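1. everything below, folded, please.
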Amino acid sequence: MRDAELHETLSAYDFEETLARLTAAIAQAGLMLFARFDHQAGARTAGLDMPPTTVLVYGHAKGGTPIMQAVPQVALDLPLRVLVRQREDGRTVIAFHPIGAMLRRAGVAEALAGRLDPAQQMLVKALAG
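-> Residues are numbered from 1 along each chain as shown. Sure, this is the predicted structure:
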């Protein structure tokens, strides 16, 4: 995974199938799904329209706690998040900020900074058809 500001992956699946594959991958990896924010539903309650857009918040205390103990400020960016959205052309993409790069910029030691990369890489693998 590159140290880019944003990682986007085009899904071969529709929006609902993409969400299902990601939530299954999170559970199969032994991670917790802490929250699911349905921005489309929120927009609807405000009388607005937006394409399907959901953010999943996930992780595990065993992975994040040692990092937050080393550099407490990174708690602002943990647990992990992934955006699932339907583009204007109808295709579904996922996006996330590569956590390793963010942790390195925050001063987390290399031994800890790459610790959560596999939890993001497994999302991309879950969409490989």
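
2. which strands or helices does the one helix or strand A41 maps to pack on?
-> According to DSSP states H and E, A41 maps onto helix 39-45. When contacts are defined as 3 or more CB pairs under 8 Å, 6 or more residues apart in numbering; DSSP states H and E, helix 39-45 sits against strand 53-59. Yep, even glycine has a C-beta here, placed from its N, CA and C like the rest.

3. how about the helices of this protein, start to end?
-> 15-28, 39-45, 61-70, 99-105, 110-113, 117-126 (DSSP state H).

4. tell me the buried residues in the fifth one?
-> When you say that, I think you mean helix 110-113. 112-113 (16 or more other CB atoms under 10 Å).

5. per-residue confidence for the residue nearest to V55 when sequence neighbours are not counted?
-> Using CB to CB, 6 or more residues apart in numbering and skipping the chain neighbours, the partner closest in space to V55 is F37 (4.4 Å). With respect to pLDDT, F37 scores 98.

6. farthest from the middle of the chain: give me that residue.
-> Outermost residue of the chain with respect to the C-alpha centroid, by CA atoms, centre = their mean, is G47; its distance is 27.3 Å.

7. tell me, what residue is most central in this protein?
-> So for the chain, CA atoms, centre = their mean, it's V82, sitting 2.2 Å from the centre.

8. that one bridge partners, please.
-> L56 (DSSP bridges).

9. so it sits against I94, correct?
-> Yes. Counting by CB atoms under 8 Å, I94 is a contact partner of V82 at 5.5 Å.

10. okay, and the common contacts of those two?
-> Shared contacts of V82 and I94, defined by CB atoms under 8 Å, 6 or more residues apart in numbering, comprise 22, 123.

11. just give the nearest non-adjacent residue to I67, would you?
-> Nearest to I67 is L112, by CB to CB, 6+ apart, at 5.1 Å.

12. quick one: low-confidence parts of this structure?
-> 1-4, 129 (pLDDT under 70).

13. same thing but 50
-> 1-3 (pLDDT under 50).

14. how distant is the helix holding A41 from the center of its chain?
-> 20 Å (CA atoms, centre = their mean, to the nearest Å).

15. residue numbering should commence at 110 henceforth.
-> All right, first residue 110 from here; so that's helix 148-154.
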